[in-house]
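Engineer: can't give you the sequence, but here's the structure:
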């Protein structure tokens, strides 16, 4: 039974199939999910992931069903394990956003049907797949694409690293604080990553894409990161060191004035709105791949 908890659950062929399905379904609807009930279980707040999956499920003929932990017996007497075992009686698939990746792994064991990680503290595979789709759409292919990431070593970056490892033709440069790197280097022990603790104009000039995310993620209580990462804010000075074809991406929501300035995120190199729209297209690709 296929699920998507991490990008590393996929093979290179799987990822390419998802991307192909997303392109195939760009402007069309289908009955891929006809008569299927898809649970939408979000423990944490969500805008793009919730709406992109809801609209994608409807476009493919499925029925999205909102589930609320506060209204379920799991908040009263029923165990987490029993809850997911019972959910499999009614649902054909679940999109699950949680603050604890271990919950996803337990849910997968008891649900025994496809589960999609809608974001956890560990990874965000749907975001990474969508961003790869956006890069392929914008540049026509992924041959020797160079991404320069600025900021924290978080769940979004982790999934992006996993995707880069699978595809093998994406160069990933990471600009971050040295102390943050030392703390997380075991988690980010991927091949072919380049870490920089100061701004490097030469690397920036060769980058196809500059990417960032909020410094403080939804479970992160370490507010000191704001000061540690201050010099890696993506601002006009940073973007002026890129080439004329370099684009800017941010998975959103953005803390404008922190990791990115208004001039950049609203500027002519920013494609964040297209990036957000493509979440829905990528979700279509993921849903179809899980159902074939």
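Structural biologist: Thanks, I have it. Predicted model only: the values in this text are computed from it and were never measured.

Engineer: can you map out the strands along the stretch 51-200 of the chain?
Structural biologist: With DSSP state E, counting those that start in this stretch as the criterion, the stretch 51-200 of the chain has strands at 63-67, 93-97, 115-117, 145-150, 170-175, 193-196.

Engineer: Mind putting those strands into a markdown table with mean neighbour count, mean pLDDT and distance to residue 237?
Structural biologist: Yep, even glycine has a C-beta here, placed from its N, CA and C like the rest. Shown next, in a markdown table, are those (neighbours: other C-beta atoms under 10 Å; pLDDT from 0 to 100; distance: least, C-beta to C-beta, whole Å):
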| stretch | mean neighbour count | mean pLDDT | distance to residue 237 |
| --- | --- | --- | --- |
| strand 63-67 | 15 | 97 | 43 |
| strand 93-97 | 25 | 98 | 35 |
| strand 115-117 | 25 | 98 | 36 |
| strand 145-150 | 22 | 98 | 12 |
| strand 170-175 | 21 | 97 | 13 |
| strand 193-196 | 16 | 97 | 16 |
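
Engineer: Would you tell me which of those gets closest to residue 42?
Structural biologist: strand 93-97 (4.5 Å; C-beta to C-beta).

Engineer: For my notes, please list the strands of the stretch 51-200 of the chain in JSON lines and give distance to residue 277 for each entry.
Structural biologist: Output for those, formatted as JSON lines (distance: least, C-beta to C-beta, whole Å):
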{"stretch": "strand 63-67", "distance to residue 277": "18"}
{"stretch": "strand 93-97", "distance to residue 277": "18"}
{"stretch": "strand 115-117", "distance to residue 277": "19"}
{"stretch": "strand 145-150", "distance to residue 277": "20"}
{"stretch": "strand 170-175", "distance to residue 277": "22"}
{"stretch": "strand 193-196", "distance to residue 277": "29"}
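
Engineer: Residue 7: which of those strands is closest?
Structural biologist: When the strands of the stretch 51-200 of the chain are compared (using C-beta to C-beta), the closest one is strand 115-117, at 9.6 Å.

Engineer: between the strand or helix carrying residue 287 and strand 93-97, how big is the angle?
Structural biologist: Here residue 287 sits within helix 272-291, counting by DSSP states H and E. Between helix 272-291 and strand 93-97, the angle comes out at 140 degrees (axes from the mean of the first three to the mean of the last three C-alpha atoms, to 10 degrees).

Engineer: For the remainder of this discussion, apply numbering that starts at 853.
Structural biologist: From this message on, residue numbering opens at 853, which makes the last subject helix 1124-1143.

Engineer: What backbone torsions are found at the residue lying closest to residue 1091 once chain neighbours are set aside?
Structural biologist: Of all residues not flanking residue 1091 in the chain, residue 1116 sits nearest, at 5.7 Å (C-beta to C-beta, 6 or more residues apart in numbering). Here is the backbone geometry of residue 1116 (degrees, to the nearest 10): phi -80, psi -50.

Engineer: Relative to residue 1128, which of the strands of the stretch 903-1052 of the chain is closest?
Structural biologist: So among those, strand 945-949 is nearest, using C-beta to C-beta, at 16.7 Å.

Engineer: Give me the contacts around that closest one.
Structural biologist: Strand 945-949 has contacts (C-beta atoms under 8 Å, 6 or more residues apart in numbering) with 888, 890-896, 898, 901-902, 905, 919, 939, 955-956, 959, 963, 965-972, 1139, 1142-1143.

Engineer: Now the buried members of those residues.
Structural biologist: Burial by neighbour count, 16 or more other C-beta atoms under 10 Å: within these this picks out 888, 890-895, 898, 901-902, 905, 919, 939, 955-956, 959, 963, 965-972, 1139, 1142-1143.

Engineer: What ranges does the chain have for its helices?
Structural biologist: 864-876, 900-911, 932-939, 953-963, 977-991, 1007-1019, 1030-1036, 1053-1057, 1077-1080, 1088-1091, 1114-1117, 1124-1143 (DSSP state H).
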